[in-house]
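K.L.:
predicted model and sequence follow; I will ask about them next.
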Amino acid sequence: MPASALFAATLEQSINKVLALDSESESRLAELNGSRLIAFLSPMPFGITLVFSDRVDVLIEHDDFESVKAQLGPKDCCIKTSLDTLPELRETSQLTRLIQQKALYLEGELGVAQQVSGVFQNLDIDVEELLAVRTSDVFAHQSVESIKALHQKVMSMLTDARSVVGNAMVEEKKIAAHKLAVMHFSDEVSALRDSTERLDARLRDLEERFK
Amino acid sequence: MSDNQASSTPVEPSSVESSNEQTTHFGFKQVEKEQKASLVANVFDSVAAKYDVMNDLMSMGVHRLWKRFTIDCSGVRAGNKVLDIAGGTGDLTAKFSRLVGPTGRVTLADINLSMLQVGRDKLRDRGLVGNIDYVQADAEALPFPDNHFDVVTMAFGLRNVTEKQNALNSIFRVLKPGGRLLVLEFSKPTSEQLSKLYDMYSFHLLPKMGQLVANDAESYQYLAESIRMHPDQETLKGMFEEAGFEQCDYQNLTGGIVALHRGYKF
């Protein structure tokens, strides 16, 4: 059984389920009707093609980037990058830098990639409403509020931690002892320990003599 | 059809094929060539209504992955013309319809009217209209012009065709130069243990499931027998080459229970 087919089926189901949760997705998808986004994301061994109609179909691309590039249609876009770089693509201002650094290869209609990005970034899913259908309004409201509060608390803690680390890096680094000074101090401590041990030995020797 | 249940041991296809040129196999049974089409038609008339349910049940849903893999290998692009022969209830056609878009065209062809009607109703219910044609056609004599389609697919249909070589020749004729044929069909498991397990499943469990769900054990007994009578991977590849296809290859799926054959017309 081809595992890639199972992966594509799962991805397709997930994407379409998520898109269906936002009623605005339909109009955004309509703008992409007939377009294709082909993505080669290392270390994945195959490419993924998203085909847009009234829904999203996911296909596995068995050809390599160069072969696909040669067959692109007017509404097709093909990208090659790594999974690590993917989050950076949200910022369109980063695209030029990534292309120059050869972290991103982009062929075909750039507008398709931007529109696809827009479809997912502009998702507005009313989780409370969805939860209320399965549970009750009160439970859904309280759950969502609790999760929001928890999220805010975690974010606030992360911000504080980031601030502490930042201060330590910027302010305390300046007054921190230099590596050479620390080594010199360690040497002095070692020398002092040796002297103390010698003195201790002498004292014990004297005590023996006067007994 | 009950007398064809007498034997549960697979017979070598070659021994049956060569026994008499006027006869052919229908499962493990020898029948007149003219009879086979109507016998196969009876089977599919009988199972059409429960076809999708039984497919899911028999394969535990894996048939969807086999078909998906076929579509992945089709290289279909927007604007292409696709022919889905023996398309049955339209699993491949549904996806192709979206992939070729409004500028492309998908033809769902099946020799069996009952299957075609089930497929047409299903696709229309899903809102897939506009770029799909439905044609009742015999794969051995396709009613389409030469060099017409970019991609031709045939999923689980070839083994029911009386003269398989004629069907491949006919497909070759209607494909455009540069077009490709994909045949997804039951084949020969690559491991001996799997083969034994598979025989047990198909000859003992499958007809019982058919009886239980579709109230038709005989059709599913025929299914098991017809799979054993179908040419193995290498033989079918040879038939592709004989029809004129080039760069022919195949990929075994689920240990060779199913194989996807691919060939190009240049």
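P.N.:
Sure, I can see it. The model shown is predicted, which means the values in this text are computed figures rather than measured ones.

K.L.:
alpha carbons only for contacts and neighbour counts from here, please
P.N.:
OK.

K.L.:
now the strands for chain B?
P.N.:
Using DSSP state E, the strands found in chain B span residues B:23-26, B:29-32, B:81-85, B:105-110, B:132-136, B:149-155, B:175-186, B:246-253, B:258-264.

K.L.:
okay if I get the ones you listed as TSV plus mean pLDDT?
P.N.:
Conversion of these to TSV gives the following (pLDDT from 0 to 100):
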stretch	mean pLDDT
strand B:23-26	73
strand B:29-32	72
strand B:81-85	96
strand B:105-110	94
strand B:132-136	93
strand B:149-155	95
strand B:175-186	94
strand B:246-253	94
strand B:258-264	94
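
K.L.:
and chain A, what are its domains?
P.N.:
Recorded structural domains for chain A (assignment: automatic domain parsing) are A:3-125, A:130-174, A:177-211.

K.L.:
chain B is nearest to which of these?
P.N.:
Proximity to chain B, assessed across these by C-alpha to the nearest C-alpha, is greatest for domain A:3-125 (5.6 Å).

K.L.:
that closest one: how far from the chain's middle?
P.N.:
17 Å (C-alpha atoms, centre = their mean, to the nearest Å).

K.L.:
can you give me the end-to-end span of it?
P.N.:
Across its full length, domain A:3-125 reaches 31 Å end to end, with C-alpha to C-alpha, to the nearest Å as the criterion.

K.L.:
tell me if it is near chain B.
P.N.:
Yes: taking C-alpha under 8 Å from any C-alpha of the partner chain as the criterion, domain A:3-125 and chain B are in contact, through A:5, A:6, A:9, A:34, A:51, A:53, A:57, A:59, A:60, A:61, A:62.

K.L.:
ok, these vs residue B:69, which is closest?
P.N.:
Distance to residue B:69 across those (C-alpha to C-alpha) is lowest for residue A:5, with 5.7 Å.

K.L.:
the closest one contacts residue A:60, doesn't it?
P.N.:
Yes: the pair residue A:5 and residue A:60 passes the contact test of C-alpha atoms under 8 Å, sitting 7.2 Å apart.

K.L.:
could you show me where the strands are in chain A, in order?
P.N.:
A:36-42, A:47-52, A:56-61, A:76-82, A:105-108.

K.L.:
list the contacts of residue A:168.
P.N.:
When contacts are counted by C-alpha atoms under 8 Å, 6 or more residues apart in numbering or on different chains, residue A:168 is found next to no other residue.

K.L.:
how many other residues sit next to the one residue in chain B that gets nearest to chain A?
P.N.:
Closest residue of chain B to chain A, C-alpha to the nearest C-alpha: residue B:254 (4.4 Å). The burial metric for residue B:254, expressed as a neighbour count using other C-alpha atoms under 10 Å in any protein chain shown, is 15.

K.L.:
what does it show for phi and psi?
P.N.:
Geometry field for residue B:254 lists phi and psi as phi 50, psi 60, criterion degrees, to the nearest 10.

K.L.:
rewinding a little: among the strands of chain B, which comes closest to residue A:99?
P.N.:
Between residue A:99 and those, the shortest gap by C-alpha to C-alpha is with strand B:175-186, which sits at 34.1 Å.

K.L.:
partners of the closest one, with directions?
P.N.:
strand B:149-155 (parallel), strand B:258-264 (antiparallel) (DSSP bridges).

K.L.:
would you turn the strands of chain B into a markdown table with mean neighbour count and distance to residue A:69?
P.N.:
Below are those laid out as a markdown table (neighbours: other C-alpha atoms under 10 Å in any protein chain shown; distance: least, C-alpha to C-alpha, whole Å):
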| stretch | mean neighbour count | distance to residue A:69 |
| --- | --- | --- |
| strand B:23-26 | 22 | 47 |
| strand B:29-32 | 16 | 51 |
| strand B:81-85 | 26 | 22 |
| strand B:105-110 | 26 | 24 |
| strand B:132-136 | 17 | 29 |
| strand B:149-155 | 24 | 20 |
| strand B:175-186 | 23 | 18 |
| strand B:246-253 | 17 | 22 |
| strand B:258-264 | 23 | 21 |
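
K.L.:
which of the ones you listed sits closest to residue A:44?
P.N.:
Taking C-alpha to C-alpha, strand B:246-253 is the member of the strands of chain B nearest to residue A:44, at 20.7 Å.

K.L.:
what helices or strands is the closest one leaning on?
P.N.:
Contacts defined by 3 or more C-alpha pairs under 8 Å, 6 or more residues apart in numbering or on different chains; DSSP states H and E place strand B:246-253 against helix B:233-243, strand B:258-264.

K.L.:
the last one versus helix B:233-243: what angle between them?
P.N.:
By that I understand strand B:258-264. Our comparison of strand B:258-264 with helix B:233-243, counting by axes from the mean of the first three to the mean of the last three C-alpha atoms, to 10 degrees, yields an angle of 20 degrees.

K.L.:
give the contact list for residue B:244.
P.N.:
By C-alpha under 8 Å, 6+ apart, the residues touching residue B:244 are B:169, B:172, B:265.

K.L.:
show me the shaky parts of the chain.
P.N.:
Unless you meant another one, I'm taking chain A. Applying pLDDT under 70 to the predicted model, the residue ranges of chain A that meet it are A:1.

K.L.:
please go with chain B instead
P.N.:
In the predicted model, chain B carries pLDDT under 70 at residues B:1-21, B:26-29, B:39, B:43-49, B:51.

K.L.:
for it, what lies in contact range of chain A?
P.N.:
Remark: the part of chain B in contact with chain A comprises B:62, B:65-66, B:68-69, B:71-73, B:78, B:95, B:98-99, B:101, B:253-255, using C-alpha under 8 Å from any C-alpha.

K.L.:
of these, keep whichever come out buried.
P.N.:
When burial is judged by neighbour count using 16 or more other C-alpha atoms under 10 Å in any protein chain shown, the buried members of the residues of chain B next to chain A are B:62, B:65-66, B:68-69, B:71-73, B:78, B:95, B:98-99, B:101, B:253, B:255.

K.L.:
out of those, which one sits closest to residue B:246?
P.N.:
Proximity of these to residue B:246 (C-alpha to C-alpha) peaks at residue B:73, which lies at 15.8 Å.

K.L.:
who touches the closest one in this structure?
P.N.:
For residue B:73, the contact set (C-alpha under 8 Å, 6+ apart) comprises residue A:62.

K.L.:
quick one on the thing from earlier: just flag the most distant two among the residues of domain A:3-125 next to chain B.
P.N.:
The distance between the two most remote of these (C-alpha to C-alpha) is 24.0 Å, for A:6 and A:34.

K.L.:
ok, these two, which is more surrounded?
P.N.:
The residue with more neighbours, out of residue A:6 and residue A:34, is residue A:34; 23 against 17, by other C-alpha under 10 Å.

K.L.:
kind regards, and thank you for your time.
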